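Colleague: Below is the sequence, then the predicted model.
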Protein chains: 2
Amino acid sequence: MNRYAIGLDYGTNSCRSLLVDLDTGEELGSLVFPYPSGEHGILTDPADPNVARQNPRDYLDGMSAIIPGAIEQARKNRPGFDVREILGIGIDTTGSTPIPLNKDGVPLGLLPEFQDHLNAMVWLWKDHTSHEEAAEITQKAAEIRPEYLTKCGGTYSSEWWWSKILHCARVDPDVFQAAYSWVEHCDWIPAILTGNSVPERMPRGVCSAGHKAIYCEEWGGLPDEEFLSSLDPRLGELRGRLYQKAEPAGVRAGGLCEEWAEKLGLPPGIAISVGAFDAHMGAVGAGVREGSLVKILGTSTCDIAVFPGEKELADIPGVCGIVEGSVLPGFYGIEAGQSAVGDIFLWLVHNLVPDSYGASQNEKFESMEKEFAGMKPGATGLLALDWNNGNRTVLVDVRLSGLILGQTLHTKAHEIYRALIEATAFGALTIIERMEAYGVRIDEVITTGGLSLKSEMLMQIYADILGRPLKVAASEQTCALGAAIFGAVAGGSITISEAQASCCRMREYVYQPIPENRAVYQELYSLYRTLHDAFGTGNWSGDIELVMKKLIEIREKQRS
Amino acid sequence: MNRYAIGLDYGTNSCRSLLVDLDTGEELGSLVFPYPSGEHGILTDPADPNVARQNPRDYLDGMSAIIPGAIEQARKNRPGFDVREILGIGIDTTGSTPIPLNKDGVPLGLLPEFQDHLNAMVWLWKDHTSHEEAAEITQKAAEIRPEYLTKCGGTYSSEWWWSKILHCARVDPDVFQAAYSWVEHCDWIPAILTGNSVPERMPRGVCSAGHKAIYCEEWGGLPDEEFLSSLDPRLGELRGRLYQKAEPAGVRAGGLCEEWAEKLGLPPGIAISVGAFDAHMGAVGAGVREGSLVKILGTSTCDIAVFPGEKELADIPGVCGIVEGSVLPGFYGIEAGQSAVGDIFLWLVHNLVPDSYGASQNEKFESMEKEFAGMKPGATGLLALDWNNGNRTVLVDVRLSGLILGQTLHTKAHEIYRALIEATAFGALTIIERMEAYGVRIDEVITTGGLSLKSEMLMQIYADILGRPLKVAASEQTCALGAAIFGAVAGGSITISEAQASCCRMREYVYQPIPENRAVYQELYSLYRTLHDAFGTGNWSGDIELVMKKLIEIREKQRS
């Protein structure tokens, strides 16, 4: 008897499936489906660069393709593969990505009357139209419900649930009126698979509810009606048509319904897990546990850690969220992140790197890394702040910008690239130090995501700066793997840690900090923190003059 | 009867002559002679990038070429041209550029026994081997002769006379021992032309003496022997073999000697003026007068202003020098400068500008300027410090570095170029404000040098930032023109202001500040000053956080 599970990972531009053998960790099948609508799956508005929407049809079409595709591959890879041995299906998506629904649980974007209506579509996580509403929610909460801000680092974001819904009410009352209820993308897919069309009864995940919708059992679930009405009476009225209770992933949302069982070629009744966000399931797929920080290193980063639920955990200022059970049952899930990492390197290579380094983006990156490979830490004389896209953790401030200092008349593009890598690592260390200051142990860092495989140089710099072993998750699809694990758990015959033990492997090579590099980077980090605190916090006082002087000293020492 | 004069301008890589009609301003002849020795005339040491020396032979070979060349052209351009109508010859050179001499006034570098000996050659202004000696002189003066520092902005430089001579004594006692005396390049050429071979009697210019050798009549000329001996007893002994008295340019150093009259094809006895530095004579050639700042805009800048001698002028902290008569007789000459301007733009274009802007340096500059031409001030959201090569005025600190902030993920190379132009203009305004704070009136800025002609965009930004009309000197050879004017004055029958009136014209187009740009730049300048003071001075305190916030505010306003 084999045990399999399927994970579905809905990303920004595509969705993918993963079919895994839970006892061996073997990945038997996987298919990617690029969303056909818009630009790489994103519906945009030429008049407003903040708009980012999606077509719910793409999600359904994707599901119809990627599950049968994975099964087909599994049949090839494993003779005798039997779909009846699939324990469950788990789902992760981007978020906060809210979808307006009619009373029958149908996304407005699927209805003919709204099909060309951007505001009726899915509001993708990176839609930034709601920044004014976010500021308003933060201010109102600070005034009358300060406890609401303690779990989200002190600032409510424009990327989140209530900002988007409130913005819709303000700018498009017709759509808002037509929307009987709203659902997160990660909760809508389980509702579809289980055939659940009653908005109030769709199982909702605590990951999205807790991290983005100010849901907390301490104050009775969602924000109270009085608070919501103080923002907009229509928001207060909406509350009763949303949900009362949210549950962790791994809880069984229901069984696969007849309709979709037939479409997908699966037996009906297979367990469907409550959904969660990609980063949280990715952390589980990467092997998150107490003492490990999982860092998803991509265009931006998401940092996930857990803290035992029985201990007292203080609110940690500046982290994106602390939600009980949002990652692992019995643990607080802690989410943090950097607004741009890979994006900063791409910005550099596309805008400021001469063709003498190579013709293509990859050639440029490679030859820049070769150029700085022999340089000691600090030898560039440069120091940068990683804020080209603002700072998510720990400053929670989008109104910040990049900074580079230390340039001479001889500074080269590859030295700036190295300084930017270092800056993102210093930003990562700032997050770790903040968590540790509030009692969260971080003994090692597990990385996953594109950048963790692309550049060994970057990984070694990260290990030297973070001062901890840096591991790389073996699976290249940790989000889908985590989703599959939760699907299996929803099936009832396996625990998360059992599944992690067989499925979550690390690559053999572990990046260890090199002591002499670490020592120099500690000096540089204190200069980074001076800039960070001086430009990032009000009321800073101290000696900023020394930053340039010390950088020159360190440069001279490291070059001699 | 016509009146002519010849100016000789010895630059870093070449020397040039200019033969001018003093009554019409017509430039009748000019020849450039690139120095044949070393790399573009500079003798370097592969083991030490700070070394920059020159071969004195190049100066003599140059003179033998450029004076006859200018005369030949004048004969073609002006039928009936008569060398007997040349009133005088003036000379400017780079500086501080000291030359070790033997007892017969011959540069050691011309002697066979020293011909391959770098330390026996001319120590070019930009030789930076003497930074430790400079620091030592500054410290010793601060301890026992604080008045010595008041005229040079508080810090003695490694580019200057005593630093170089002391360094020679330390690193090459043989050469120091063989050097009976030392002479500035600008004083050696007049000595050659007048046939003066006694070091103690060579006429010395107050421009070089006052700006670089701590010469001041207040304390009896050169620094006293006790002070010099406290640095090194051999320096104290040297003092008596240098000079007692220095005189302003325009004073007759002597008549052209028979030997050189014959070599050059000129009548003997023509007046030879006391020499001075290129920037000072260039300021006169550009038309400097009370209320005008002359700005020589090149790879670096030199800023020259004058202040009426009869008034009380306070010492101005941070300016390179204040010397009575160093520019115009009867006025204090005030010299300031920026260590890198054009050099910063060249650094950018050579290191950080992709080929999509063009294949050549000039194409890149031109297309970057086209790209930002339509942008309003502040629309880039960027702010930079112009310190890639340190800060000469007003901070007098080489241990500073470049800084750029305000980058997003969309920042382009041409926006950085614009920010760097603005940074150099803010640096220029800081110099003007410092002078004004100490009572020096600056109503207009007269520019000369390569950059003043290359980019209209740059010039308009400068006018908007400086808040004053920006004029461009008509002559493209203002240094040689200034030298010619001083040559004429040495002849005795014309005054500087008479010669300036006919020779120093301005280009017709004057760049006027545009009020709405000026207003935004005033806001940006206050942010620049925050960065400038925070990173450039000790004990700064204030709110640096607002810099990023305000830049974003301004950017949003200026883009909307």
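Modeller: In hand now; what should we look at?
Colleague: C-alpha only now, for contacts and for neighbours.
Modeller: Noted.
Colleague: strands paired with the one helix or strand residue A:294 maps to, and their directions?
Modeller: For residue A:294, the element it lies in under DSSP states H and E is strand A:291-297. Sheet pairing here is set by DSSP bridges, and for strand A:291-297 it gives strand A:301-308 (antiparallel), strand A:442-448 (parallel).
Colleague: Quick check: which of the ones you listed is buried the most?
Modeller: Of all the strands paired with strand A:291-297, strand A:301-308 has the most neighbours on average by mean count of other C-alpha atoms under 10 Å in any protein chain shown, namely a mean of 25.
Colleague: and the helix or strand of chain A with the lowest mean pLDDT, what does it pack onto?
Modeller: Within chain A, no helix or strand scores below strand A:321-324, which has a mean of 87 by mean pLDDT, DSSP states H and E. Applying 3 or more C-alpha pairs under 8 Å, 6 or more residues apart in numbering or on different chains; DSSP states H and E, one finds that strand A:321-324 contacts helix A:206-212, strand A:331-338.
Colleague: Can you list the strands that the longest one pairs with?
Modeller: Paired with strand A:331-338 in the same sheet, following DSSP bridges, are strand A:301-308 (antiparallel), strand A:321-324 (antiparallel).
Colleague: Grab the nearest non-local neighbour of residue A:261.
Modeller: residue A:268 (5.1 Å; C-alpha to C-alpha, 6 or more residues apart in numbering or on different chains).
Colleague: does residue A:60 sit in a helix or strand, and which one?
Modeller: Secondary structure (DSSP H and E) places residue A:60 in helix A:56-77.
Colleague: List the buried residues of the helix or strand containing residue A:230.
Modeller: Using DSSP H and E, residue A:230 sits in helix A:225-231. For helix A:225-231, burial by neighbour count (16 or more other C-alpha atoms under 10 Å in any protein chain shown) applies to A:225, A:227, A:228, A:231.
Colleague: so what pLDDT did residue A:541 get?
Modeller: On pLDDT, residue A:541 comes in at 89.
Colleague: Need phi/psi at it.
Modeller: phi -140, psi 150 (degrees, to the nearest 10).
Colleague: Make sure it is actually in contact with residue A:534.
Modeller: Yes: counting by C-alpha atoms under 8 Å, residue A:541 does reach residue A:534; the two are 7.2 Å apart.
Colleague: Settle it for me: which of the two has more neighbours?
Modeller: residue A:534 (21 against 15; other C-alpha atoms under 10 Å in any protein chain shown).
Colleague: so is that one in a helix, a strand, or just coil?
Modeller: helix (DSSP: H, G, I helix; E, B strand; the rest coil).
Colleague: Next one: residue A:387 relative to chain B, how far apart?
Modeller: Residue A:387 is 8 Å from chain B, where distance means C-alpha to the nearest C-alpha, to the nearest Å.
Colleague: Now do the helices in the stretch 351-500 of chain A.
Modeller: Secondary structure of the stretch 351-500 of chain A (DSSP state H, counting those that start in this stretch): helices located at A:361-372, A:413-437, A:450-454, A:456-466, A:478-491, A:496-503.
Colleague: coming back round to it: I'd like the next helix or strand past the helix holding residue A:60.
Modeller: With DSSP H and E, the next secondary element past helix A:56-77 is strand A:86-93.
Colleague: Got phi/psi on residue A:314?
Modeller: phi -70, psi 160.
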